[in-house]
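Q: quick one, structure for this:
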Amino acid sequence: MGLAALIGISFNAASTQIVPFLALGLGVDAMFLLIHTFSTQTQLDICYQDQVGEVLRKAGVSVVTTALCNVAAFLAAALIPIPALRAFCFQAAILTGMNLFSMLLLFPAMIALDVRRVFAGKLDILFCLKQEGTNATSMKEVTNNDMNELKVQKLKQNTCSEKYPKSFSKKCPEESYGRQNSMNDLIDPESGNERCYISCSSDCNQWTLTSFVTNYYSQWIIKTPVKVLTIVIALALLVASVYGIGKVEDGLDLTDVVPRNTSVWSFLQAQDKYFGFYNMYAVTQGNFEYPQNQRLIYEYHDSFVRVNNIIKDDDGGLPEFWLSLFRTWLTKLQDAYDSDKASGFLDEEGWTEKASNDAVLAYKLLVQTGHVDYPVDKSLLRYTRLVDDGIINANGFYNYLSAWYSNDAMAYSYSQATLVPTPKEWFHDPKDYDLKIPKSKPIKYAQIPFLLNNLGDTKAVVTTIKQVREICERFQTRGLPNFPNGIPFTFWEQYIGLRFYLLLALAAALAAVFVVVSILLMSPWAAALILVILSSIIGQLFGALGILGIKLSAVPAVILILAVGMGVEFTIHILMSFVGSIGDRNRRTMMALEHMFAPVVHGAFSTFLGVVMLAFSQFDFIVRYFFLVLLALILLGLFNGLVFLPVLLVIVGPPAHVIPSDNHDCLPPCTPEPSPVRFKAKP
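A: Numbers count the residues shown, from 1 in each chain. Below is the predicted model:
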């Protein structure tokens, strides 16, 4: 988050509410994988200096592949032109990169320090204190020493009756040697003979996910009834997803954010239902000759009469805007001038005391040339009019604008024009015989206000936005630079292209994952399976939005993109273990589940613990749009990654990276190197 702020990526609701859970889900999953790999190699004779290297050799590729897939997916999803979603994608990509840095450098260093602590004989929490009896040289010896102590206690109590496992390469003493011989084998230190290591017996062994998968789950998943049932459930979820997707609506109302059963919620609900009222502005910009293109501006204003939700006058027309009010004021002045001129109160040389203020002001306006060098010309009184055929005199337009802005302030305020730059001030005084009026600068920004009603739902707002946008684009092609502005365009315009850009982002993310997996695993077949599972998770989650009554907005859209990253975490580890194993599909599926089932479940459970706190929020919005959606993502990810994917691997799994020449379940032993020469031949 700090790095994102440092490089200028803005924060929004999606980044503050979802990125922390993304950090928890993606970061902890890799951590559990490394820890699980480290714990499974404690029964191997590996020197403690090589422990961390072995962990990274076995699990590092999975961590790197997952991180690269997530980074590529989030960067590809950043193609969407919605600023909030783009900022989230960039922040998620940065987070994934920093997580990869931590998991490959910082966390292995912590494991190495802990291994040094163990072999130094230090306690775990009070690491400054040393414990007795730790002279082991490998993690296997450390683990078995602890188990041997438990075994000794059992033998002393005459309660141990287990049989040693048959899988040890170095056979342990048989029970026929007697309990005393067993105790001697356990207690005596090494004295030139090979030491016998004893694993935990059946009465002291604890239940673990790995033992459950090894003994039960991996055996069930390859059975035909289970495979048929899994495919039926997947098809049922597909049908439910199609039904739910059809019910998903666009929008995010204020009533969804405010807690239900409150006075504020009741007020907002009534307001949306009966008073869907908003302001909007049609804004014209600079690089446009306003004085010479007044008719185009009138056409632009009148074209909005076709928008159904814009409030009209009693006669079905639109209210006046700044240019028409400006023209009306000048027409009134022209009429006063014509009347006083006919009465003889003013002529080309000046005015008398009987002339009205409006006629005198019109006299001063009529003599304006609009040129800086010669600003006043009385000869213009002979043939110039302030308004001719409904069009304001273009030569004196900006001089007239200064007078209107200062002397008809009520009309200017009513127009809500907000002209930029602000016109110059010039206040009329009938006793002032200075005819020069300052000329305002050309207009670069002007607003035309409209009032919208009957916008009680997102569909009506989006329809109005499309109608307004069509008018703006049509006049843009005619040379009038313009754009609409207002609350509906700020908060609802995202829904016009949200679905298209969301699908585009998801497609780009899935394509990025396919390319990365195909390159790293050198198997488009495996990448295609990942693509199927990720598409299944995204489709099922999209359908869950409709079933739960959640509307599509920026928040669910971000979680759908997040589903790509979370889905990779649920699937890539199983798939990499599958292609890295030896044997037929059934055996490789069983081995993949034995190795990766526990870390995937641990990561999902840790993510759930971080999400479950949202269930106790007092805001219904947090519960529905965050907790329920993220919970659905976790459950669907577990089903697709640990149930549906293994079934697909059993049926259509990709080939292994290494296949023995004799198609056995193990590789032949390596030919040992020749012994060194012990004696040199005499010459």
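Q: CA atoms for contacts and neighbours, from now on please.
A: OK.
Q: give me the helices and strands touching the helix or strand where Ile572 lies, please.
A: For Ile572, the enclosing helix or strand under DSSP states H and E is helix 554-579. Packing contacts for helix 554-579, counted by 3 or more C-alpha pairs under 8 Å, 6 or more residues apart in numbering; DSSP states H and E, involve helix 13-40, helix 51-77, helix 83-101, helix 498-521, helix 524-547, helix 585-612, helix 629-639.
Q: export the fourth one to CSV, keeping only CA atoms.
A: Output for helix 498-521, consisting of C-alpha atoms alone and laid out as CSV, is shown next (Å, rounded to 0.1, in the frame of the first residue of the first chain):
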residue,chain,number,x,y,z
LEU,A,498,-19.0,-2.2,-16.8
ARG,A,499,-20.0,-5.7,-18.0
PHE,A,500,-18.1,-5.4,-21.3
TYR,A,501,-14.9,-4.1,-19.6
LEU,A,502,-15.3,-6.7,-16.8
LEU,A,503,-15.5,-9.5,-19.3
LEU,A,504,-12.6,-8.0,-21.2
ALA,A,505,-10.5,-7.8,-18.0
LEU,A,506,-11.4,-11.4,-17.0
ALA,A,507,-10.6,-12.7,-20.5
ALA,A,508,-7.2,-10.8,-20.4
ALA,A,509,-6.5,-12.2,-17.0
LEU,A,510,-7.3,-15.8,-18.0
ALA,A,511,-5.3,-15.5,-21.2
ALA,A,512,-2.3,-14.2,-19.1
VAL,A,513,-2.6,-17.2,-16.7
PHE,A,514,-2.8,-19.6,-19.7
VAL,A,515,0.4,-18.1,-21.3
VAL,A,516,2.3,-18.2,-18.0
VAL,A,517,1.4,-21.8,-17.1
SER,A,518,2.0,-23.0,-20.7
ILE,A,519,5.5,-21.5,-20.6
LEU,A,520,6.5,-22.5,-17.1
LEU,A,521,5.1,-26.0,-17.2
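Q: in it, what's buried?
A: Residues of helix 498-521 classed as buried: 498, 501-518, 521 (neighbour count, 16 or more other C-alpha atoms under 10 Å).
Q: compute the inter-axis angle for it and helix 83-101.
A: 20 degrees (axes from the mean of the first three to the mean of the last three C-alpha atoms, to 10 degrees).
Q: elements contacting helix 498-521?
A: helix 51-77, helix 524-547, helix 554-579.
Q: what is the neighbour count of Met410?
A: Neighbours of Met410 under the rule other C-alpha atoms under 10 Å: 10.
Q: what residues are up against the closest residue to Val515 other than its chain neighbours?
A: By the measure of C-alpha to C-alpha, 6 or more residues apart in numbering, the closest residue to Val515 outside its immediate chain neighbours is Ala527, 7.6 Å from it. The contact partners of Ala527, taken as C-alpha atoms under 8 Å, 6 or more residues apart in numbering, are Val513, Phe514, Val515, Val517, Ser518.
Q: need these in TSV (columns: distance to Glu348 and pLDDT).
A: Converted to TSV, these look like this (distance: C-alpha to C-alpha, whole Å; pLDDT from 0 to 100):
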residue	distance to Glu348	pLDDT
Val513	82	88
Phe514	84	92
Val515	83	90
Val517	88	88
Ser518	88	90
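Q: Tyr290 against Lys444, yeah?
A: No: contact criterion C-alpha atoms under 8 Å: Tyr290 and Lys444 do not qualify, at 9.5 Å.
Q: could I get the buried residue list for the helix holding Ile572?
A: With the criterion 16+ other C-alpha under 10 Å, helix 554-579 contains buried residues 554-579.
Q: how many neighbours does Trp525 have?
A: The burial count for Trp525: 17, using other C-alpha under 10 Å.
Q: ok, now the one 3 residues further on?
A: A count of neighbours around Ala528, defined by other C-alpha under 10 Å, yields 17.
Q: pLDDT at it, what is it?
A: According to the prediction, Ala528 has pLDDT 93.
Q: that older thread, looking at Tyr290 and Lys444, which has the bigger crowd around it?
A: Tyr290 (21 against 16).
Q: quick one: contacts for that one?
A: Neighbour list for Tyr290: Ile297, Ile443 [criterion: C-alpha under 8 Å, 6+ apart].
Q: if we use 10 Å, what do you get?
A: Thr284, Leu296, Ile297, Leu323, Ala394, Phe397, Tyr398, Pro442, Ile443, Lys444, Leu480 (C-alpha atoms under 10 Å, 6 or more residues apart in numbering).
Q: how about the strands in this protein?
A: 278-285, 346-347, 350-351, 387-388, 391-392, 445-452, 482-486 (DSSP state E).
Q: what packs against the last one?
A: Looking back up the chat, that one is strand 482-486. strand 278-285, strand 445-452, helix 458-477 (3 or more C-alpha pairs under 10 Å, 6 or more residues apart in numbering; DSSP states H and E).
Q: please name the residues that touch the closest residue to Leu296 other than its chain neighbours.
A: When the adjacent residues along the chain are set aside, Leu296 lies closest to Leu480, with 7.9 Å between them (C-alpha to C-alpha, 6+ apart). Listed by C-alpha under 10 Å, 6+ apart, the contact set of Leu480 reads 284-290, 293, 296-297, 300, 472-474.
Q: burial count for the closest residue to Glu353 other than its chain neighbours?
A: With sequence-adjacent residues excluded and distances taken as C-alpha to C-alpha, 6+ apart, Glu353 is closest to Phe345, at 7.7 Å. Residues lying near Phe345 (other C-alpha under 10 Å) number 18.
Q: re earlier: state the mean pLDDT of the helix holding Ile572.
A: Here the average pLDDT along helix 554-579 is 86.
Q: list the contacts of Leu545.
A: 241, 244-245, 247-249, 551-552, 556, 624-625, 628-629, 632.
Q: could you check the pLDDT of it?
A: On the pLDDT scale, Leu545 gets 93.
Q: that one and Phe107: what is the separation?
A: Computed as C-alpha to C-alpha, to the nearest Å, the Leu545 to Phe107 distance reads 37 Å.
Q: one more: His573?
A: 19 Å.
Q: so for Tyr290 and Lys444, which residues contact both of them?
A: Thr284.
Q: export the strands of the chain as a markdown table, with columns for mean neighbour count.
A: Below are these laid out as a markdown table (neighbours: other C-alpha atoms under 10 Å):
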| stretch | mean neighbour count |
| --- | --- |
| strand 278-285 | 18 |
| strand 346-347 | 18 |
| strand 350-351 | 16 |
| strand 387-388 | 14 |
| strand 391-392 | 20 |
| strand 445-452 | 20 |
| strand 482-486 | 18 |
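Q: and those as CSV, adding distance to Pro421 and mean pLDDT?
A: Shown next, in CSV, are these (distance: least, C-alpha to C-alpha, whole Å; pLDDT from 0 to 100):
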stretch, distance to Pro421, mean pLDDT
strand 278-285, 11, 91
strand 346-347, 35, 86
strand 350-351, 33, 86
strand 387-388, 24, 92
strand 391-392, 20, 94
strand 445-452, 7, 93
strand 482-486, 17, 92
